[in-house]
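*Asks:* Predicted model and sequence below, questions to follow.
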Amino acid sequence: MHFKIDVRLDPTLGCGQAHRWRKQPDDSWQGVIGKDVLTLYQTPDGFDCEGCTDMAAVRSYFRAEDNLPAIIREISVADPQIAALSAACPGLRLLRQPEWECLATYVLATNVNVKRIAKMVESVCDHFGTDLGARRAFPTPRQILDGGSCIGECRLGFREGRFMELAQRIDSGDFNIRSPERLPYEELTARLQDLKGVGPKVADCVALFGYGRLEAFPVDVRIADEMKKRYGVTGNYQKIAAVGRERFGRYAGYAQEFLYHSGSIGAQ
């Protein structure tokens, strides 16, 4: 199946937004969306996809409705540096991940590098997720709770307790994963921070990658370095994130990804 979407797979799937994509020796990408194990092959105008049973789900995941050139033009007016950064990384798109999967993986993604995050996420899937053949689906909260006796085998470290508590709160309905969908950005991130293990950065990542709040501007060490180097902005998380949102407006999340990618190149 062919998808005509303005996207380059390497920067989009390899930049740390999502943690279940694997680059293959033939330069394809293998990952899981819902209950489909997909293999994607880059084409000049999008990508070919093997294993797809739900075309709408794939289009939604890659935010096919986003007009990438128009978005880049808008944030480049706010900051000409973004024009150069986006030109150096064409086709980088934000992803729209399932809310539960995004929240759960980012709760695991604290104080650890991208490679370790992917290993923990895959271990959770291997222990609790539905078998799809080549891979396993991301488990539901109930699957995690039912198999909780083997959670230690996933080697989550200090994240184990908060991960199990998160599954319990979602499964019991104490936190309705769908209820924040219509909340304004500030209320959404505040609601997410009621969950153990969710601080400002995790809340911003989940708001951006799970709930599609494109104005979110997550700040990690790399983004903090870029904001200091390029704009002279320093301070705590709240200050740097607020400057990013104010500077880049409704598409601050896209600007953040271009800055992150630029920082990753500089770090190599």
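*Replies:* Cool, the structure landed.
*Asks:* Can you spell out the domain ranges of the protein, please?
*Replies:* With automatic domain parsing as the criterion, the domains of the chain are listed as 2-65, 67-91+212-268, 99-198.
*Asks:* Residue 204: which of those is closest?
*Replies:* domain 67-91+212-268 (4.0 Å; CB to CB). Placement of C-beta: from N, CA and C, glycine included.
*Asks:* How far does the closest one sit from its chain's centre?
*Replies:* Computed by CA atoms, centre = their mean, to the nearest Å, the separation of domain 67-91+212-268 from the middle of its chain amounts to 15 Å.
*Asks:* ranking the domains of the chain by mean pLDDT, which is last?
*Replies:* Ranked by mean pLDDT, the domains of the chain bottom out at domain 67-91+212-268, which scores a mean of 91.
*Asks:* Would you state the helices of the stretch 1-150 of the chain in chain order?
*Replies:* 9-14, 55-61, 68-78, 80-87, 99-108, 114-128, 141-146 (DSSP state H, counting those that start in this stretch).
*Asks:* Pick the most buried one from those.
*Replies:* helix 99-108 (a mean of 23; mean count of other CB atoms under 10 Å).
*Asks:* That helix vs helix 114-128, what angle?
*Replies:* Computed by axes from the mean of the first three to the mean of the last three CA atoms, to 10 degrees, the angle separating helix 99-108 from helix 114-128 equals 130 degrees.
*Asks:* Counting by contacts, list what helix 99-108 packs against.
*Replies:* When contacts are defined as 3 or more CB pairs under 8 Å, 6 or more residues apart in numbering; DSSP states H and E, helix 99-108 sits against helix 114-128, helix 159-172, helix 200-209.
*Asks:* Now tell me what touches the longest one from outside.
*Replies:* Contact with helix 114-128 is made by 16, 19-20, 32, 104-105, 108-109, 112, 135-139, 143-144, 146-147, 150-151, 153-156, 159, 163, as judged by CB atoms under 8 Å, 6 or more residues apart in numbering.
*Asks:* Counting neighbours, which of those end up buried?
*Replies:* 16, 19-20, 32, 104-105, 108-109, 135-139, 143-144, 151, 154, 156, 159, 163 (16 or more other CB atoms under 10 Å).
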